[in-house]
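S.K.: okay, predicted coordinates and the sequence, questions at the end:
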Amino acid sequence: MSQPSIPPVLTFKGRMEKRKKLLWGLGIALVLIVALVFFVSYKVVDTLLHHPRDTNVSYELNMEKTPYEEVEFKSLKNDNTIRGTFFPASISSGTASNKTIIIVHGYTSNRLVKGRTPKLVEHFVPKGYNVLAFDLSSQGKSDGDLITLGLHEKYDLLGAVDYLKSRDRAGDHIGVIGFSMGAATSLLATSESDDIQAVIADSPFRNAGLFLREGLPFFSGLPAFPFSYTSTWMADWVFNVDLDSVSPMDAVKKMQDKPVMLIHGTGDQQISYKNTEKIYESLKNNPNAEVWYPQNTEHIDAINHYPTDYFQRVDHFMDKYVGQ
């Protein structure tokens, strides 16, 4: 006796039910994957913008040989108290110097770590320059809880300029030397300040958003797609930090004739010297812009790798535009 056949309409309904279950399963899986991507992106950006501080700002120079004082001033953006160290120039006449170099440190650093500031102090103070080194917001001993790769830090530097202007003659002639993120910050602030007469940017990135998208696989081990894009989105959406707006290569276009010196080692694995090439391209109409690419030099290491050449170049630049 033959089995009764299944009506076609039931077969069709069965297929539709299976398809709906499959689509629901795929939809849920897709939502979970997207949620995971954005969660990981959030954690990446949260770690980037809330990196632990290095608060070791002890200074080992002899106080009698190289006097210094601890200073405080306000950031112009959010009223953070910025803390720093002021090294007055050595002048035999005893009068206060009217030329000051501000040193701006990089990411996860502070005013004195890694030895660059002591070398610059030991070099410039005897030449008659004051030196001001300070901790950027959320780093070292300064106030704040969010690192913004230059977006807000430029206001710390502008606050330092205002502080020097309030300090007798120390703010008459101001030059800036910045390293890495501090170099990018220095370019941003200098483009907005008539009081900064010259700037040296050592190993800057051209744009913070591009820097994160290009460097994320190197720093985190995550694939570029999709995390490079979702991470910059999360920085903007969650933390209100628009990294794409932090753009030294655009900011320098406003400096039509302001002296700018760019330094970038060709062996830099953290921020490629191609970033500086792009910035220098934006300065093509600036007759007072110059660039130096020290060969086979790692990130912000020209001062250690080529000390004689470094200080000859930096001396000539600062003496010409700030020390006159």
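M.R.: Sure, I can see it.
S.K.: return the distance of stretch 48-56 from the chain's centre.
M.R.: Stretch 48-56 has its C-alpha centroid displaced from the chain centroid by 13 Å (C-alpha atoms, centre = their mean, to the nearest Å).
S.K.: CA atoms of it as CSV?
M.R.: Extracted as CSV, the C-alpha positions of stretch 48-56 are listed here (Å, rounded to 0.1, in the frame of the first residue of the first chain):
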residue,chain,number,x,y,z
LEU,A,48,45.0,54.5,23.9
LEU,A,49,43.3,57.6,25.4
HIS,A,50,43.7,56.5,29.1
HIS,A,51,47.3,55.2,29.1
PRO,A,52,48.9,54.9,32.5
ARG,A,53,51.0,57.9,33.5
ASP,A,54,54.8,58.0,33.9
THR,A,55,55.1,60.3,36.9
ASN,A,56,58.9,59.9,37.3
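S.K.: buried residues in that stretch, which are they?
M.R.: Buried residues in stretch 48-56, counting neighbours by 16 or more other C-beta atoms under 10 Å, are found at 48-49, 53-54. Just so you know, the C-beta spots here come from the backbone N, C-alpha and C atoms, and that holds for glycine as well.
S.K.: what's the answer for stretch 294-306, then?
M.R.: 294, 297-303, 306.
S.K.: who's in contact with it?
M.R.: Applying C-beta atoms under 8 Å, 6 or more residues apart in numbering, the set of residues contacting stretch 294-306 from outside is 106, 115-116, 119-120, 179-180, 202-203, 263-271, 292, 309-311.
S.K.: where do the strands sit along this structure?
M.R.: Listed in chain order, the strands of the chain (DSSP state E) span 69-74, 81-87, 99-104, 130-134, 173-179, 196-202, 260-263, 289-292.
S.K.: how about stretch 124-134: buried residues?
M.R.: Quick answer for stretch 124-134 (16+ other C-beta under 10 Å): 124-125, 129-134.
S.K.: in CSV: these, plus pLDDT and distance to residue 223.
M.R.: What follows is the buried residues of stretch 124-134, written out as CSV (pLDDT from 0 to 100; distance: C-beta to C-beta, whole Å):
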residue, pLDDT, distance to residue 223
124, 95, 45
125, 94, 48
129, 96, 47
130, 96, 48
131, 97, 43
132, 97, 42
133, 96, 39
134, 97, 38
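S.K.: what's the spacing between the residue lying closest to residue 188 once chain neighbours are set aside and residue 125?
M.R.: Among residues not flanking residue 188 along the chain, residue 154 sits closest, at 4.2 Å (C-beta to C-beta, 6 or more residues apart in numbering). To residue 125, residue 154 is 26 Å away according to C-beta to C-beta, to the nearest Å.
S.K.: what about the stretch 151-300 of the chain, any weak spots by pLDDT?
M.R.: Across the stretch 151-300 of the chain, nothing is flagged by pLDDT under 70.
S.K.: re the thing from before, what about the buried residues of stretch 48-56, which are in helices?
M.R.: 48-49 (DSSP state H).
S.K.: nearest residue to the middle of the chain?
M.R.: residue 181 (1.9 Å; C-alpha atoms, centre = their mean).
S.K.: OK, contacts around that residue?
M.R.: Taking C-beta under 8 Å, 6+ apart as the test, what residue 181 contacts is 106-107, 149-150, 153, 204-205.
S.K.: ok, these vs residue 168, which is closest?
M.R.: residue 153 (26.3 Å; C-beta to C-beta).
S.K.: before we move on, the earlier item: so which of the contacts of residue 181 sit within helices?
M.R.: Per DSSP H, these map to helices at residue 153.
S.K.: test my guess that the residue nearest to residue 188 contacts residue 185.
M.R.: Yes. If you go by C-beta atoms under 8 Å, residue 154 and residue 185 touch, sitting 5.3 Å apart.
S.K.: who has more neighbours out of these two?
M.R.: Shown here are residue 154 and residue 185; by other C-beta atoms under 10 Å, residue 185 has more neighbours (32 against 27).
S.K.: so how far is residue 147 from that one?
M.R.: 11 Å.
S.K.: so which of the strands of the chain comes closest to residue 32?
M.R.: Across the strands of the chain, closest to residue 32 is strand 173-179 (C-beta to C-beta), at 42.2 Å.
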